[in-house]
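Participant: below are the sequence and a predicted model for it; my questions follow.
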Amino acid sequence: MRYCPFLLLLLFFASCEKEPVSPVDTTPYVLELPPHFPYPDIPEDNELTEARVALGKMLFFEPAMSVDSSITCGACHKQSLAFADDLPISPGVRGRLGFRNSPTLVNLAYLTKVNKDGGVPKLDIQALVPIEDHAEMDLPILHAAERLNADPEYVDAFQRAYGELASPFTITRALGAFQRTLISANSTYDQYLMGEVSLNAAAERGRQLFFSDATNCSSCHGGFNFTENGFFNNGLYETYEDWGRRRVTGLPEDDGVFRVPTLRNIALTAPYMHDGSLPDLQAVLEHYNTGGTTHPNKDNRIQPLHLSTEQMADLEAFLHTLTDTSFLTDQRFKP
Ligand code: HEC
Ligand code: HEC
């Protein structure tokens, strides 16, 4: 067989060379927002870049992030359900159950405190909780980093995103970057605000009720994201098994207090409340209409509303206009 000694020599040197390291790719990722959405604050140590967002998405759908490689973040946060789940409590590895309902992951870039009790100060470290939690992915994050650093594709992706290997810092930052891009701003209601569509009669009556003193809904679920991230007790129980914010502060006045969740895509994220105890929107509206329990921390805006069956149906019709179908099929958020 004829061979070329020069070529062989070249191959020899090429194979002895260190793996080429990709340079950091700083191509910015710009969020597309309608005029009624402010541009969110992005942390200086985690500017949004295409490479970071792409890496975060890989990690979000990576089974190796769970101890037995059986589940991903996407197991409990499903795009078709606005990144929530349809079970009261979603199982983690080996079918283990936690104690809270999987929330939607939309417009997280605007969160001021993370998790239902506000126990996590910023999105960029939240991922530590599900990765390490016994009832979720149960993998020490340093083991996750080792696994990722054994995979040349990930080594390259981390280099392009952060110029570093996978570490607790870069893993959580990349997941934060991807999750900041999960913007839902194209619901029927947004199209209505931009003058593109009108609401049907029932939804329009519901809109007026929602924003009125007759219901007080918008005083807690207000603003472009249908929450101003306040913490309140909405009178769900006399005695809370889950202390809510009291778990974080230890204060009795925080017993049964939870962060006000966004209502965007609310028609898709049943069951409702911190424990998924209310099966549908009718049950939620029934709860508010009766005024809830007499818990000492119950906010005084939660009072019997005396709404008619028709008014409840109108409110529900309005809540349905907060569904953003383009978000559910957006290719950028698919694995
Ligand atoms: C076993 C189901 C499960 C898995 C797997 C899971 N989550 Fe969650 N997620 C939840 C539950 C339940 C909560 C509510 C926790 C709380 O509020 O205390 C939550 C809360 C969150 C929040 C906070 C949202 C908010 O509004 O405060 C973020 C962000 C999040 N998860 C991202 C992730 C990421 C990233 C992963 C993968 C690394 C992941 N989750 C894996 C169930 C899960
Ligand atoms: C005092 C503040 C406050 C008022 C007023 C209020 N809510 Fe809420 N709402 C909350 C809090 C806090 C939660 C979360 C409670 C929990 O997780 O257990 C919540 C939860 C919900 C949920 C479930 C969200 C989810 O993802 O599980 C819906 C739907 C809802 N509210 C709709 C309404 C409507 C409609 C009105 C008016 C009739 C209203 N709220 C009035 C504070 C309020």
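Facilitator: Cool, got the structure. Ligands and ions are numbered 1, 2, ... in the order given.

Participant: which stretches of the stretch 101-250 of the chain form strands?
Facilitator: If you assign secondary structure with DSSP state E, counting those that start in this stretch, the strands in the stretch 101-250 of the chain sit at 231-232.

Participant: that one against ligand 2: which residues are in contact?
Facilitator: Residues of the stretch 101-250 of the chain found near ligand 2, taking Cβ under 6 Å from any ligand atom as the criterion, are Lys116, Thr215, Asn216, Cys217, Ser219, Cys220, His221, Phe232, Asn234, Leu236. For glycine as for every other residue, the C-beta is placed from the backbone atoms N, C-alpha and C.

Participant: now with 5 Å, please.
Facilitator: Those residues of the stretch 101-250 of the chain that sit near ligand 2, judged by Cβ under 5 Å from any ligand atom, are Thr215, Asn216, Cys217, Cys220, Phe232, Asn234.

Participant: could you dump those into CSV and include distance to ligand 1?
Facilitator: CSV is the format used below for these (distance: Cβ to the nearest ligand atom, whole Å):
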residue, distance to ligand 1
Thr215, 23
Asn216, 22
Cys217, 19
Cys220, 15
Phe232, 15
Asn234, 15
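
Participant: show me the contacts for Ser70.
Facilitator: For Ser70, the contacting residues are Pro63, Val93, Arg94, taking Cβ atoms under 8 Å, 6 or more residues apart in numbering as the criterion.

Participant: pull the number of nearby residues for Thr329.
Facilitator: Using other Cβ atoms under 10 Å, Thr329 has 10 neighbouring residues.

Participant: quick one: secondary structure of Pro88?
Facilitator: Reducing the assignment at Pro88 to three states with DSSP: H, G, I helix; E, B strand; the rest coil gives coil.

Participant: just to revisit the earlier point, could you list which of the contacts of Ser70 also contact ligand 1?
Facilitator: Residues shared between the contacts of Ser70 and the neighbourhood of ligand 1: none [Cβ under 5 Å from any ligand atom].

Participant: hang on, the earlier thing: please identify which pair of the residues of the stretch 101-250 of the chain next to ligand 2 lies farthest apart.
Facilitator: Set against one another by Cβ to Cβ, those have their most distant pair in Thr215 and Phe232, with a gap of 14.9 Å.

Participant: re the thing from before, what's the closest of the contacts of Ser70 to ligand 2?
Facilitator: The closest of the contacts of Ser70 to ligand 2 turns out to be Val93 (Cβ to the nearest ligand atom; 24.4 Å).

Participant: wait, Leu31 sits on Pro38?
Facilitator: No - Leu31 sits out of contact with Pro38 when judged by Cβ atoms under 8 Å, with a separation of 10.6 Å.

Participant: give me the more crowded residue out of the two.
Facilitator: For Leu31 versus Pro38, the count of surrounding residues by other Cβ under 10 Å is larger for Leu31: 14 against 11.

Participant: hang on, the earlier thing: neighbour count for the residues of the stretch 101-250 of the chain next to ligand 2 - can I get that in CSV?
Facilitator: Shown next, in CSV, are those (neighbours: other Cβ atoms under 10 Å):
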residue, neighbour count
Thr215, 20
Asn216, 19
Cys217, 22
Cys220, 19
Phe232, 19
Asn234, 23
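
Participant: mind putting these into a markdown table with pLDDT and distance to Ser326?
Facilitator: Written out in a markdown table, the entries for those read as follows (pLDDT from 0 to 100; distance: Cβ to Cβ, whole Å):
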| residue | pLDDT | distance to Ser326 |
| --- | --- | --- |
| Thr215 | 98 | 28 |
| Asn216 | 97 | 31 |
| Cys217 | 98 | 25 |
| Cys220 | 98 | 27 |
| Phe232 | 98 | 31 |
| Asn234 | 98 | 30 |
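
Participant: among those residues, which are in helices?
Facilitator: Using DSSP state H, Cys217, Cys220 are the members of these that sit in helices.

Participant: now stretch 292-305: buried residues?
Facilitator: Of the residues in stretch 292-305, Gly292, Thr293, His295, Asn297, Lys298, Asp299, Ile302, Leu305 count as buried by neighbour count, 16 or more other Cβ atoms under 10 Å.

Participant: could you do stretch 104-123 as well?
Facilitator: Along stretch 104-123, these residues count as buried under the neighbour rule (16+ other Cβ under 10 Å): 104-111, 113-120, 123.
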